[in-house]
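Enquirer: After the sequence you'll find the predicted model.
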Amino acid sequence: FAGAVGICCASHTYCEVECSREEKIMNYGLDIAKRPLFIDIGECRTVNISNISVCTADQQQEYSVCIKQCSPRSQDLQLRSNRDGPLMVPTIRSCYPTRDHCLKQCERRPSIYYLFPDSKYQTRIDVGKCVGECNESDNNCVPIKRTTVSVRGANGPVVMEMILECQCRFPECYKEDYFESYWEYKRCDNSTIQLEKIINVGRCVGECRGVQLPARCFPSEDNCLLPIPS
């Protein structure tokens, strides 16, 4: 197989991890011709770990051992359609050994997507992901700032969200910075000037815990609030 090899144990204790992209077929309903729509979204698997005997519990305290996991290196974003409408389906392109899950602090890490793969419109974009540990058990590593980017395709632009910043947050109803762009047109000397404006519109995200459903996180004057349904 064509796999990736990585070092998985820190501080002079090493293991070789080999990753492979395996087939994983998912059913996305019926296409417009009423035929089953099957797509290979792929999955990453560890196919071999050598020298694993040195990565024992006794060694972990001395060397802070962290065995790498196999994760997607990049993904294709397939634009397909079924009888319910258009679909955007991420499919794994390749895999590699990563130690992102062992990070001791919350941070943004790359997450690569290819839009319109194998066409003249193919575009590589890093949408980002939040990984790492948080000190308090109730906190999660979550996005606190996002933006959108428009990618030109054969049938018009596709808008993608990109994570800009991550932070440990209690995941119950909080305000997230969310940047959107719009075009402003001005007349100048008998010509039209096109200017891109970017504004932080914000949005409320997070879970609604400890209340009777339905409940949602909604904006107030200064922040986001969790309503208590009557």
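Expert: Arrived safely, thanks for sending.
Enquirer: Output the below-cut-off pLDDT ranges for the protein.
Expert: Scanning the chain for pLDDT under 70 picks out 1-16, 50-66, 138, 171, 207-216, 219-230.
Enquirer: show me where it has helices.
Expert: Applying DSSP state H to the chain gives helices spanning 57-63.
Enquirer: Alpha carbons of stretch 136-153, in CSV - could you do that?
Expert: The C-alpha coordinates for stretch 136-153 follow below in CSV (Å, rounded to 0.1, in the frame of the first residue of the first chain):
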residue,chain,number,x,y,z
GLU,A,136,-11.0,22.9,32.9
SER,A,137,-13.0,19.8,32.3
ASP,A,138,-16.1,21.7,31.2
ASN,A,139,-14.3,23.7,28.6
ASN,A,140,-14.0,22.7,24.9
CYS,A,141,-11.6,23.9,22.2
VAL,A,142,-13.9,25.7,19.9
PRO,A,143,-13.8,28.4,17.2
ILE,A,144,-14.3,32.0,18.4
LYS,A,145,-13.6,33.7,15.1
ARG,A,146,-14.6,32.7,11.6
THR,A,147,-14.8,34.3,8.1
THR,A,148,-16.2,33.3,4.8
VAL,A,149,-14.4,33.1,1.4
SER,A,150,-16.0,32.9,-2.0
VAL,A,151,-14.4,30.4,-4.5
ARG,A,152,-15.2,30.7,-8.2
GLY,A,153,-16.5,27.6,-9.9
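Enquirer: Report the distance from that stretch to the chain centre.
Expert: Stretch 136-153 sits 8 Å away from the centroid of its parent chain (Cα atoms, centre = their mean, to the nearest Å).
Enquirer: Assess the claim that Val127 and Ile163 are in contact.
Expert: Yes. Val127 lies in contact with Ile163 (Cβ atoms under 8 Å); the separation is 6.5 Å. Heads up, the C-betas are built off the backbone N, CA and C, glycines and all.
Enquirer: Common neighbours of the two, please.
Expert: Ser111 (Cβ atoms under 8 Å, 6 or more residues apart in numbering).
Enquirer: Looking at those two, which one has more neighbours?
Expert: Neighbour comparison, Val127 and Ile163: the larger count goes to Ile163, with 20 against 17 (by other Cβ atoms under 10 Å).
Enquirer: was I right about that one contacting Arg108?
Expert: Yes. At 5.9 Å, Ile163 counts as touching Arg108 under the criterion of Cβ under 8 Å.
Enquirer: Return every residue with contacts to both of those two.
Expert: Shared contacts of Ile163 and Arg108, defined by Cβ under 8 Å, 6+ apart, comprise 128-130.
Enquirer: export the residues you listed to JSON lines and tack on distance to Glu43?
Expert: Listed next are the shared contacts of Ile163 and Arg108 as JSON lines, based on distance: Cβ to Cβ, whole Å:
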{"residue": "Gly128", "distance to Glu43": "21"}
{"residue": "Lys129", "distance to Glu43": "17"}
{"residue": "Cys130", "distance to Glu43": "21"}
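Enquirer: I appreciate the help and will end here.
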